[in-house]
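Engineer: Next input, structure requested:
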Amino acid sequence: MPFLLFLLLALLPSLAQSAAPVRPAKLGQCVACHGEGGRSRIPGTPHLAGQDETYLIAALQAYRQGARRAAPMNSLANTLQPRDIAALARWYATRSGSAKP
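Structural biologist: The predicted model follows:
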C-alpha cells in the first residue's frame, strides 16, 4: 500500500502538466493588450488571468454578437470560432491571477 501511495504522488506532477491547456492558436490576437499570461500592461484593459472560464466564454460571445461593445474586442471576437473562444477562455482561466505582467 505505501508503494502505491508513493507511485501516485510521483505521478501527480505529470498528470497536472498534461491537464494544462495547450497554447491557443489565436492567443496572439489577445497578447498585445492582455498579455500572454493575462496580466495587462495597458491602463483600463482588464487582466484576464484567473478569470472564471464560463465568464470569459460569455464575454467573448457577447463581443462577437455585438451585445457587448468595445470596437477592438468586437472586431477581434468576430474572427474567433467557438473552439477558439473555448481555448482562450480555458487558457486565461488557468493562468495565475497574481503573476506579474
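Engineer: C-alpha from now on. contacts and neighbour counts both.
Structural biologist: Will do.
Engineer: Would you map the helices across the protein?
Structural biologist: Counting by DSSP state H, the chain has helices at residues 2-19, 28-34, 53-65, 71-77, 82-93.
Engineer: Just the mean pLDDT for the last one, thanks.
Structural biologist: Going back to what we said before, that points to helix 82-93. The average pLDDT for helix 82-93 rounds to 97.
Engineer: now what about it, what contacts it?
Structural biologist: Contact partners of helix 82-93, identified using C-alpha atoms under 8 Å, 6 or more residues apart in numbering, comprise 21-27, 37-38, 48-54, 56-57, 60-61.
Engineer: Name the residues of stretch 23-31 that come out as buried.
Structural biologist: By neighbour count on 16 or more other C-alpha atoms under 10 Å, the buried set for stretch 23-31 is 24, 26, 27, 29, 30.
Engineer: List the contacts of the second one.
Structural biologist: Contact criterion C-alpha under 8 Å, 6+ apart gives 80, 84, 88 as the residues in contact with residue 26.
Engineer: Show me the shaky parts of the protein.
Structural biologist: Low-confidence segments of the chain (pLDDT under 70): 1-18, 98-101.
Engineer: Please repeat the previous calculation with a cut-off of 50.
Structural biologist: 5, 15-17, 99-101 (pLDDT under 50).
Engineer: centroid residue for it?
Structural biologist: Centroid-nearest residue in the chain: residue 92, 1.8 Å away (criterion: C-alpha atoms, centre = their mean).
Engineer: Distance check, it against residue 21.
Structural biologist: Residue 92 sits 10 Å away from residue 21, going by C-alpha to C-alpha, to the nearest Å.
Engineer: Also residue 45?
Structural biologist: Between residue 45 and residue 21 the computed distance is 24 Å (C-alpha to C-alpha).
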